[in-house]
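Trainee: Below are the sequence and a predicted model; questions follow.
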Amino acid sequence: MISLSTLRVFSENSDKFLSCDNLTYQWMKNVSFFDGLKQGLKKVKDGLTKPNMGFAIFGSKENYFLGEDIEGTIALEPHEYVEIQQAMVRLSCIENVKKTRQIKKSKRSYDYYRKAYVTTEEIVPEEYWDTAKLHDECLIYNLRFNIGAGENRQTPFKINIPITGRPTYNSIDSRVNWILSVEVKSKGRRSLHQSYTVQVANIPPQTSPATQAPIFIQKETIREIEVIYCSHCGTKNNARSTFCTHCGAPLH
């Protein structure tokens, strides 16, 4: 009877003989290699995939003044197990101005005198939008919590609008916009992003009671007066008068 330790298997790729023990070792080695490869591909796939999670930003109001604080809440409601690491709240002020520049433009036309196509260059004006970042502030909240499917977690945040900033402005050739964006990072997954535009206005002028102009209230009393005309000179007189104010003749 032949035991497994003495059984030898012929390898087609070489002239060597392999024992069953060596063959089992190589098979297990290949299995562990493919398992590691499978786990690595899964990590790459998870890193390119966003977590299946509801993500929303709630603000206290829509319109703000310069110098105010933007207060809001980050709401998370995942549909799978997620390890939340941190949240980044960024407030940016972007200015876009329409400008004009001169560019060279090639024009190809047919020259009938030369009987060939000729390329000419001309300088033409071109409009473009010049972008500048007037303000950029980022706050990082290290959350470090795990959240399961069906759970709901809300995280408050607060970020200040600088009083020296510029208000929101929109015209044909110029725009100033404030953008609030939130990024939530989780372990081994792609980040979630959300942003929206915030309306920012100048601080309204405030006047003290001492500097306010005084308010005058004028009362006018209107009453009806009965009149009578003098029979001698025709002058208008008060009906309660006895003599005419012009000629002195008796009125009654």
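Mentor: Received the coordinates, thanks. Everything numeric in this text was worked out from a predicted model, so none of it was measured.
Trainee: Can you point out the buried residues in the helix or strand containing K98?
Mentor: Using DSSP states H and E, K98 maps to strand 82-111. Residues of strand 82-111 classed as buried: 82, 84-85, 87-95 (neighbour count, 16 or more other CB atoms under 10 Å). Any C-beta I mention is one placed from the backbone N, CA and C, and that applies to glycine too.
Trainee: Stretch 194-202 too?
Mentor: Using 16+ other CB under 10 Å as the test for burial, stretch 194-202 gives 198, 200.
Trainee: ok, and what's touching that stretch?
Mentor: For stretch 194-202, the external contacting residues (CB atoms under 8 Å, 6 or more residues apart in numbering) are 55-57, 59, 62-66, 70, 91, 161, 165, 167-168, 177-182.
Trainee: now the helices for this protein?
Mentor: 20-48 (DSSP state H).
Trainee: Now do the domain split for it, please.
Mentor: 16-48, 53-201, 224-252 (automatic domain parsing).
Trainee: Rounded mean pLDDT for the second one, please.
Mentor: Looking back up the chat, that one is domain 53-201. Averaged over domain 53-201, pLDDT sits at 90.
Trainee: okay, how far is it across it, tip to tip?
Mentor: 34 Å (CA to CA, to the nearest Å).
Trainee: chain center to that domain, what's the gap?
Mentor: 6 Å (CA atoms, centre = their mean, to the nearest Å).
Trainee: same deal with stretch 52-63?
Mentor: The answer for stretch 52-63 is 11 Å, by CA atoms, centre = their mean.
Trainee: what's that stretch in contact with?
Mentor: With CB under 8 Å, 6+ apart, stretch 52-63 has contacts from 70-80, 82, 180, 182, 184, 192, 194, 196, 198-201.
Trainee: Just those residues: which are in strands?
Mentor: 70-78, 82, 180, 182, 184, 192, 194, 196, 198-201 (DSSP state E).
Trainee: ok, what's across the strand from the nearest residue to V227 once chain neighbours are set aside?
Mentor: Excluding the flanking residues, the one nearest V227 by CB to CB, 6 or more residues apart in numbering is K236, at 5.3 Å. Beta bridges link K236 to Y229, judged by DSSP bridges.
Trainee: Am I right that K236 is in contact with H246?
Mentor: No - with contact defined as CB atoms under 8 Å, K236 does not reach H246; the gap is 9.2 Å.
Trainee: these two touch, right, E183 and Q85?
Mentor: No - applying CB under 8 Å, one finds E183 not in contact with Q85, separated by 11.0 Å.
Trainee: need the contact list for the closest residue to S241 other than its chain neighbours.
Mentor: Take S241 and drop its neighbours on the chain: the residue closest to it by CB to CB, 6+ apart is L251, 6.1 Å away. Applying CB under 8 Å, 6+ apart to L251 gives the contacts 228, 230-231, 237, 241-244.
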